[in-house]
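In: pasting the sequence and the predicted coordinates here, then a few questions.
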Amino acid sequence: MYFPPQLIQSVFMLPNASYSAPSTPYSFVAIHTKSTAKIYLHDIECYDFANDFTACIHYEDPTRIPGTIVSSPNDIFTTNECFQDSTWNLARIQKIDNSHQNTYGVDTSVKPVDVYVVDSYVEITHPEFQGRASLGFKTVQGSKNQHGTHVASTIAGYTYGVAKKANIISVQVLDDNGLGQWSNLLAGLSYISKREQNNSKSVVVNMSIGGSKSDVIEKAIDILVQQGIIVVVAAGNSAKNACDTSPAGSKSAITVGSTSPSDSFSKFSNFGKCVDILAPGEYIKAAVPGGYGVMSGTSMAAPHVSGAIANHIGKLMSLKTMPHCVINYLTSTSTRDYITGVSEETPNKFLFAHDLQFCKKSPAEIWLNKFVFPLGIFQQ
């Protein structure tokens, strides 16, 4: 990221932080926090970099900030856009706590990333998608089920989506009743695997579906991940151990549990050690065929994570981010131990989409928790 010298007066570390400049192809400064730090965004802007650390700029008197350091110029300048009066779920994933500020910031420098939605019918002509949705493959007929469109627009809808520049590729494996066979799903995953065989860029697969335990399905997911494809799945809505279901029990996928507007673990959400991260899943407003609707479920939680990943890797289009590094990134930057009602064996890690730009001139707070400079996490 390039900070024009005429705009900068200081780049600073947070209190109780140390810094280093690792020998990597990127001349970035990394921040390693030794304890939780807190700042307010007034005259300060914080930027999260591709290599998983945060630098903050102060535009006025640098003596107000202890530990001022000098920045190193790089090559990208970032702009942003602020969405006022956003839905609770979008605002929530950019905050450490459940405050009442309902703004959602978007980094407009993010490049479009392809996200496969393996689900029911997606209305690709819906205005929410702005022409960014297409039909890739379908194994069943039907256009009445609302689930797929809702999931897709939570990922990439302009008004209600997390990643407002992402491209949606519909892989329809569920019928109008929201049902499908494992053979339908395998055909869809095979299509993705073949299509992405020679792709040098990262893509995301969202699977807000669930069924009984299937070693075959989980092996298919393993193959996708080995190709470098990032797979996000819903934990399931049966209030049981996610490890006993598929695809939620996959060790290769990123499994997402659900939370409520009051920051409690959703009563319907599957749980357990196979859950990797939590995200909003109740009373989620998004597009449905012919309009808009509200739905709840871990199916609604998973697309928040898929969208956040799309935004993150959208800054790195010349690089391929490996799936295991994405999991490490999500969990290391998550808000920990904040959600109530989480069982002991379930990781209490709530999605923090901090790499999206915060709204300028809006009071907000950032907690920088365990930002680490992970050496060698990207592959050309």
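Out: Noted; the coordinates are in hand.
In: next, give phi and psi for Pro280.
Out: The phi/psi pair for Pro280 (degrees, to the nearest 10) reads phi -60, psi 130.
In: not counting its neighbours along the chain, what's nearest it?
Out: Leaving aside its chain neighbours, Pro280 sits nearest to Asn89 (3.6 Å; criterion: C-beta to C-beta, 6 or more residues apart in numbering). (Glycine included, C-beta is placed from N, CA and C.)
In: which one's the longest helix in this structure?
Out: Longest helix in the chain, counting residues (DSSP state H): helix 298-313.
In: for that one, what is the average pLDDT?
Out: The average pLDDT for helix 298-313 rounds to 95.
In: can you show me the helices along the stretch 151-300 of the chain?
Out: Using DSSP state H, counting those that start in this stretch, the helices of the stretch 151-300 of the chain run over 182-195, 215-226, 298-313.
In: Pro261 is nearest to which of those helices?
Out: helix 298-313 (12.2 Å; C-beta to C-beta).
In: could you list the low-pLDDT ranges of this protein?
Out: In the predicted model, the chain carries pLDDT under 70 at residues 1-84, 100-101, 317-319, 354-380.
In: how does it look with 50?
Out: 1-45, 48-54, 56-79, 355-380 (pLDDT under 50).
In: care to break it down by domain?
Out: Listed domain ranges for the chain are 5-78+361-379, 81-350 (source: automatic domain parsing).
In: list the contacts of the residue nearest to Pro280.
Out: Shown in contact with Asn89 (C-beta atoms under 8 Å, 6 or more residues apart in numbering): 261, 280, 284, 304.
In: between the residues you listed, which is closest to Val171?
Out: His304 (19.5 Å).
In: quick check: the closest one touching Ala279?
Out: Yes - using C-beta atoms under 8 Å, His304 is in contact with Ala279, at 4.0 Å.
In: mind listing the shared neighbours of the two?
Out: Common neighbours of His304 and Ala279 (C-beta under 8 Å, 6+ apart) are 93, 256, 351.
In: export the residues you listed as JSON lines, with columns for distance to Val326.
Out: Formatted as JSON lines, these follow (distance: C-beta to C-beta, whole Å):
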{"residue": "Ile93", "distance to Val326": "16"}
{"residue": "Val256", "distance to Val326": "13"}
{"residue": "Leu351", "distance to Val326": "12"}
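In: out of the residues you listed, which is most surrounded?
Out: Val256 (32 neighbours; other C-beta atoms under 10 Å).
In: which residues touch it?
Out: Counting by C-beta under 8 Å, 6+ apart, Val256 has contacts 232-235, 275-279, 298, 301-302, 304-305.
In: now those: which count as buried?
Out: 232-235, 275-279, 298, 301-302, 304-305 (16 or more other C-beta atoms under 10 Å).
In: and which of those residues is nearest Asp85?
Out: Nearest to Asp85 among the buried ones among the contacts of Val256, with distances taken as C-beta to C-beta, is His304, at 18.4 Å.
In: if we can go back for a sec, just the domains of the chain: most buried one?
Out: domain 81-350 (a mean of 21; mean count of other C-beta atoms under 10 Å).
In: sorry, back to before: and after the longest helix of the chain, which helix or strand comes next?
Out: Note on helix 298-313: by DSSP states H and E, the next helix or strand toward the C-terminus is strand 320-321.
In: what about the residue nearest to Pro280, distance to Leu186?
Out: Note on Asn89: its distance to Leu186, by C-beta to C-beta, to the nearest Å, is 31 Å.
In: cool, Ala91 as well?
Out: 38 Å.
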